[in-house]
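Peer 1: Have a look at this prediction, sequence included:
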Amino acid sequence: MTKIVLSEYQTRRSAILAKMQPNSVCVIGSAQLVTRSNDTEYVFRQDSYFWYLTGFDEPDSVLLLLKDAQGQTRQVISCQPKDALAEIWHGRRLGCVAAVALLGVDEALSSEALTQTLTQLFSGVDIVYSLFAQPIKSQIEECILSLKRVPKQGDLAPTQRIDCQAWLDAMRLIKSPAELALMAKVGKISAQAHCVAMQVCQPNMNEFQLEAHIQFEFAKHGARQPAYATIVGGGDNACILHYTQNNQVLNAGELVLIDAGGELEGYAGDITRTFPVNGSFTDDQAALYQIVLNAQMAAIELLQPNTLIADANHAVIEIITQGLIDLGVLTGCLADNIDNLTYRQYFMHGLGHYLGLDVHDVGAYSIGGKACPLQPGMVMTVEPGIYIAPGSPCPARFHGIGIRIEDNIVITSSGNRVLTDDVPKTIVAIEALMAQS
């Protein structure tokens, strides 16, 4: 299976150490088990920042990056100790001895003494770096406070606390070749699942049955968990952007919108396809669908190095708005509809978002109020849509139609590459694939 190699994690940690001031400590916490009900937990999913720096998939762990006054550095992991009884019940632990070699750190300490460890490490340092949004923030604050309370030694407590999230966000925004290989693979897995959904779809199926086919396909190819809650919206359920009930019957003559992606080694796929339940688009469905497809293809053409997402988004708005005017869904001229934002009742979200270890991945879209241009190595979704809810102020024949088409692209030095083009999206190709089922 495609993986990130140990040296890449070490390089990432070294990059953070290079940014740290002398006489400082950086603390990055792992995720914790989350109770599902009573004494059962949800499937564990590691914190994305911790995973990015370690590749270590255990809870109750902390990464400690140390830089002394002379600039010498150490990389330390705090993890669960080996425990024969606990491992019988809850699964194997890596343990401190094995962690040093397998995680490429200088030292491994038991998480059972984390408070004591943090207090000792903080004593006498000037700066503590951490991610302020992580739960470990409270433990860091308590350890610093305990140092301040020591009689006649309060000056040993750190004088600064700095959030280092911006450093990590900037690093994560540009994907390495190894990351891109993983994202290409999960893109193919996700695309195959969407193809299967098109092939098995039949009138009178339930939305959750299509969801089951999709998630089985993910797991069969190594993406055991979906990257997010799968959306299977038949009929006007497709007009609910984050619909996840997935419990209604799919009716002949309606469209079904599926927004689903697998997760592989922490990296997400994110694809949306909309297709007719019975395998054939009606004229009205096809007319709206083609507007969305035209908009998406135009956006993909525009999203290149040194361009702005906002420019592509504006082009999409023009295509969708003019298309809706041509069909009589909107009235008036293009300029007035754009100025008055009338299109927003039918296309109410943005063009796309960054993609990576999180579905809505980290990274700045603007700095100081100025939009950030796209750069090679960035991965993003391109997902225009049209949603005409029941009761909308337009001809009734369009009511209840929701359409979104979403692909994942990586910006390259010469343009972009679509990572999810293994699943059809033209009307002809979709109907042909469904006819083969």
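Peer 2: Here it is on my side, so go on.
Peer 1: looking at it, Thr73 is touching Val105, isn't it?
Peer 2: No. Counting by C-beta atoms under 8 Å, Thr73 stays clear of Val105, with 11.3 Å between them. For every residue, glycine as well, the C-beta is placed using N, CA and C.
Peer 1: pLDDT of the host helix or strand of Tyr52, averaged?
Peer 2: In this assignment (DSSP states H and E), Tyr52 forms part of helix 48-54. Taken as a whole, helix 48-54 has a mean pLDDT of 98.
Peer 1: What residues sit buried inside it?
Peer 2: For helix 48-54, a neighbour-count test (16 or more other C-beta atoms under 10 Å) marks Ser48, Tyr49, Phe50, Trp51, Tyr52, Leu53, Thr54 as buried.
Peer 1: Low-confidence stretches in the stretch 51-200 of the chain?
Peer 2: Scanning the stretch 51-200 of the chain with the threshold set as pLDDT under 70 gives 153-154.
Peer 1: Name the SS class of the residue positioned nearest the centre of the chain, please.
Peer 2: Computing the C-alpha centroid of the chain and ranking residues by C-alpha atoms, centre = their mean puts Val359 first, at 1.3 Å. Recorded secondary structure, Val359: coil (DSSP: H, G, I helix; E, B strand; the rest coil).
Peer 1: Val329 too?
Peer 2: Quick answer, by three-state DSSP: Val329 is coil.
Peer 1: Same check on Glu112?
Peer 2: Once three-state DSSP is applied, Glu112 turns out helix.
Peer 1: before we move on, what about Ile16?
Peer 2: Ile16 ends up helix, using three-state DSSP.
Peer 1: Mind checking which of Thr73 and Val105 has more residues around it?
Peer 2: More neighbours surround Val105 than the other of Thr73 and Val105, with 23 against 16 (other C-beta atoms under 10 Å).
Peer 1: Could you tell me how many residues sit around the residue nearest to Val329 when sequence neighbours are not counted?
Peer 2: Spatial nearest neighbour of Val329, excluding adjacent residues (C-beta to C-beta, 6 or more residues apart in numbering): Cys394 at 4.3 Å. Other residues lying near Cys394 total 17 when counted by other C-beta under 10 Å.
Peer 1: Mind pulling the model confidence for Cys394?
Peer 2: pLDDT at Cys394 comes out at 97.
Peer 1: Okay, it and Gly235: tell me how far apart.
Peer 2: Counting by C-beta to C-beta, to the nearest Å, the gap from Cys394 to Gly235 is 17 Å.
Peer 1: same deal with Leu182?
Peer 2: 35 Å.
Peer 1: wait, Asn278 sits on Gly253?
Peer 2: Yes. With contact defined as C-beta under 8 Å, Asn278 reaches Gly253; the gap is 6.6 Å.
Peer 1: who's more crowded, these two?
Peer 2: Asn278 (16 against 12).
Peer 1: for that one, helix, strand, or coil?
Peer 2: Reduced to three states by three-state DSSP, Asn278 is coil.
Peer 1: Could you give the number of residues near the closest residue to it other than its chain neighbours?
Peer 2: Leaving aside its chain neighbours, Asn278 sits nearest to Ala252 (4.4 Å; criterion: C-beta to C-beta, 6+ apart). The number of residues packed near Ala252 is 12, by other C-beta under 10 Å.
Peer 1: ok, now Cys239?
Peer 2: For Cys239, using other C-beta under 10 Å, the count is 22.
Peer 1: Against Gln160, how distant is it?
Peer 2: From Cys239 to Gln160 the distance is 50 Å (C-beta to C-beta).
Peer 1: What of Arg344?
Peer 2: 44 Å.
Peer 1: Map the structural domains onto the sequence of the chain.
Peer 2: 6-171, 174-435 (automatic domain parsing).
Peer 1: counting contacts, what elements does the longest helix along the chain pack onto?
Peer 2: In the chain, with assignment by DSSP state H, the single longest helix is helix 177-200. The contact analysis (3 or more C-beta pairs under 8 Å, 6 or more residues apart in numbering; DSSP states H and E) places helix 177-200 against helix 207-220, strand 255-260, strand 262-264, strand 267-268, strand 271-276, strand 407-412, helix 427-435.
Peer 1: Of these, which stretch is the most buried?
Peer 2: Scoring the helices and strands packed on helix 177-200 by mean neighbour count under mean count of other C-beta atoms under 10 Å gives strand 267-268 as the most buried, with a mean of 28.
Peer 1: so how many other residues sit close to Gly368?
Peer 2: So Gly368, with other C-beta under 10 Å, has 5 neighbours.
Peer 1: How about the secondary structure of Gly391?
Peer 2: coil.
Peer 1: Now do the contacts for it.
Peer 2: By C-beta atoms under 8 Å, 6 or more residues apart in numbering, the residues touching Gly391 are His399.
Peer 1: Please apply the same query to Ile405.
Peer 2: Thr272, Arg273, Thr274, Val292, Leu293, Gln296, Glu383, Pro384, Gly385, Lys425.
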